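K.L.:
Just to be clear, the model below is a prediction. Sequence and coordinates:
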Amino acid sequence: MDLDNWLATSPRRLNRLAEALDCKTYLEIGVSEGITFNAVNVETKTGVDPDFQFDWQASHDGTHTRLLPLSSDAFFAQEPIGSRFDLIFIDGLHTYDQTYRDLQNALLYSHPGTVVLIDDTIPCDAYSCCRDQNEAIRLRAQSTGIANAIWHGDTYKIMPLIHLFHTAYEYCTIVDQGNPQTLLWRAKEPRKVDALASITALWGMENLAACDYLWMLRNQEIFYPMSEEDGLGLAVAGSLMACR
């Protein structure tokens, strides 16, 4: 794995979106070391993390750059309901329940032209699916002899929920050029739900505990996988159309 390319993936995609959509406001859930947050070129940025891994106070000015040492739940509970963000990046705790809660809350602070990018929606192996990062690292090293800290958690389990419950939104999953990520944007008209994909999504929703790595591999159709170029182009065109 080319670590430098991996770390550049999110800023590259977010900046493409920000430029194409002329984004003025940006929200990032899960800032950690600030690598992505600091590289995103948007006028007004808000970053949320309960445990920043850098000197966040040196960057926080409370106006153009807000860095808030809060959990995402606490942030959404105190953020004025009138706030709206043009671009939102969800990269918090890599469990499907927290990620889905972050998505639901983020949509309350969106507008018709908002695009949401969700990180880590396709795990790289069965170990990466563990809900606990330390367990993922330990099991991979124990079983394969490979020692790395790659971890996606079970974030991928939000896909059946998005497919079934968010037909007001279009979505796709970028599967090339770095870390797989899912894009979501407001549909001009309610999304038509494919019958077969809906059966798959409904089974997944009702049996989330059984949705393991192999289930994810077998049911890629509900992720709407595509290239980075196609995915970003689709999100930009769809977002602009939704605003008309």
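P.N.:
Arrived safely, thanks for sending.

K.L.:
Check the burial of Leu18 by counting its neighbours.
P.N.:
Slight slip there: residue 18 is Ala, not Leu. 20 (other CB atoms under 10 Å). C-betas here are computed from N, CA, C, even on glycine.

K.L.:
in what helix or strand does it lie?
P.N.:
helix 3-21 (DSSP states H and E).

K.L.:
Mind giving me the packing neighbours of that helix?
P.N.:
Contact analysis of helix 3-21 by 3 or more CB pairs under 8 Å, 6 or more residues apart in numbering; DSSP states H and E lists helix 35-39, strand 87-90, strand 115-119, strand 181-186, helix 228-242 as its packing neighbours.

K.L.:
now the third one and strand 181-186, what's the angle there?
P.N.:
An angle of 160 degrees separates the directions of strand 115-119 and strand 181-186 when computed by axes from the mean of the first three to the mean of the last three CA atoms, to 10 degrees.

K.L.:
Which parts of strand 115-119 count as buried, going by neighbours?
P.N.:
By 16 or more other CB atoms under 10 Å, the buried positions in strand 115-119 come out as 115-119.

K.L.:
Touching that strand from outside, list them.
P.N.:
The contact list for strand 115-119 (CB atoms under 8 Å, 6 or more residues apart in numbering) reads 10, 13-14, 17, 21, 30, 86-91, 94, 99, 103, 106-107, 110, 155, 158, 179, 181-185, 235-236, 239.

K.L.:
Please apply the same query to stretch 94-113.
P.N.:
21, 27, 29, 72-73, 76, 79, 81, 83-86, 88, 90, 92-93, 116, 118-120, 131, 133, 151-158, 161-162, 184, 186, 208, 239-240, 242-243.
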